[in-house]
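J.: I'd like to go over a predicted model; first the sequence, then the structure.
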Amino acid sequence: MMLRKTPTRVDLYTRYMEIIEEYNRDKDKAEIQKVFDQLLQFHDSLDQEEQRYVREGFSTEKELAVYDLALQGQVSVDQG
């Protein structure tokens, strides 16, 4: 659903799957390091907002928006 809603994430998902497939092909120490380096490069390539979305662990962009508003004190979030 997220991929349908935000087409730019399709590229991120595709690249993620390519890295995983490559990892599963060859699991020697050198390959593991190579894949880890690729994952770090992939992470660094995300823009600031995408990193926040991933880091905060939200399932929708609306959740991230509500979270931002709550942090600004514009919305009270019911904990109950």
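T.: Ah, there it is.
J.: can you pull the pLDDT of Pro7?
T.: pLDDT for Pro7: 62.
J.: which parts of this protein are strands?
T.: Shown for the chain, no strands are assigned by DSSP state E.
J.: closest to the centroid, which residue in it?
T.: Closest residue to the average C-alpha location of the chain: Val54 at 3.8 Å, with C-alpha atoms, centre = their mean.
J.: tell me the contacts of that residue?
T.: Residues near Val54 by C-beta atoms under 8 Å, 6 or more residues apart in numbering: Leu46. For every residue, glycine as well, the C-beta is placed using N, CA and C.
J.: so where is the chain shaky, pLDDT-wise?
T.: Low-confidence segments of the chain, defined by pLDDT under 70: 1-10, 26, 48-49, 51, 74-80.
J.: which stretches of it form helices?
T.: Secondary structure of the chain by DSSP state H: the helices cover 2-5, 8-25, 29-45, 48-56, 61-71.
J.: now for the longest one, which elements pack on it?
T.: By that I understand helix 8-25. helix 2-5, helix 29-45 (3 or more C-beta pairs under 8 Å, 6 or more residues apart in numbering; DSSP states H and E).
J.: what angle do that helix and helix 61-71 make?
T.: Interaxial angle, helix 8-25 versus helix 61-71 (axes from the mean of the first three to the mean of the last three C-alpha atoms, to 10 degrees): 110 degrees.
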